[in-house]
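> Kindly generate the corresponding structure for this input.
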Amino acid sequence: MILHLLPTLLHLSAQEDGAMPGKALTTLQWVSYFILTPIALFTVITIVVIISSADRSKAGKSSLSTID
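Residues are numbered from 1 along each chain as shown. This is a model prediction of the structure:
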C-alpha cells in the first residue's frame, strides 16, 4: 500500500516548491568547502587556544592549584 506512494514521497522531498537550484559544485570546490575549510578552522582555533593557555602555565603555580 505504501510502496505505490514511495516514488511520489521521494519526489516531493527532493525539492521545495519554487526552488531554483544553481550549478553543481566541482569536486575541488566540494572538497575545499566541506573538508579543507573545517580542518583549517579547527587547526586555527586549536592553535589560538594552545597559545592563549601557554602563558598561564609559565606564570607559575598559584596557591589555588596546589595542596600543601
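> which of the residues in the longest helix along the chain are buried?
When the chain is parsed with DSSP state H, its longest helix is helix 37-58. Buried positions in helix 37-58, judged by neighbour count with 16 or more other C-beta atoms under 10 Å: none. The way it works is simple: take the backbone N, C-alpha and C, and place the C-beta from them, glycine included.
> contacting residues around it?
Applying C-beta atoms under 8 Å, 6 or more residues apart in numbering, helix 37-58 has no contact partners.
> okay, it in CSV with CA atoms only?
Extracted in CSV, the C-alpha atoms of helix 37-58 (Å, rounded to 0.1, in the frame of the first residue of the first chain):
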residue,chain,number,x,y,z
THR,A,37,37.8,24.6,5.4
PRO,A,38,36.6,22.8,8.5
ILE,A,39,40.0,21.2,9.1
ALA,A,40,41.7,24.6,8.7
LEU,A,41,39.2,26.3,11.1
PHE,A,42,39.7,23.5,13.6
THR,A,43,43.5,23.9,13.3
VAL,A,44,43.5,27.7,13.7
ILE,A,45,41.1,27.5,16.7
THR,A,46,43.3,24.8,18.3
ILE,A,47,46.5,26.9,17.8
VAL,A,48,44.8,30.0,19.3
VAL,A,49,43.7,28.1,22.4
ILE,A,50,47.1,26.5,22.9
ILE,A,51,48.9,29.8,22.6
SER,A,52,46.5,31.6,24.9
SER,A,53,46.8,28.9,27.6
ALA,A,54,50.6,28.6,27.3
ASP,A,55,51.1,32.0,29.1
ARG,A,56,49.2,30.8,32.1
SER,A,57,51.4,27.7,32.6
LYS,A,58,54.6,29.8,32.5
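> what about that helix, average pLDDT?
Mean per-residue pLDDT for helix 37-58: 87.
> got it, and stretch 21-30?
The average pLDDT for stretch 21-30 rounds to 94.
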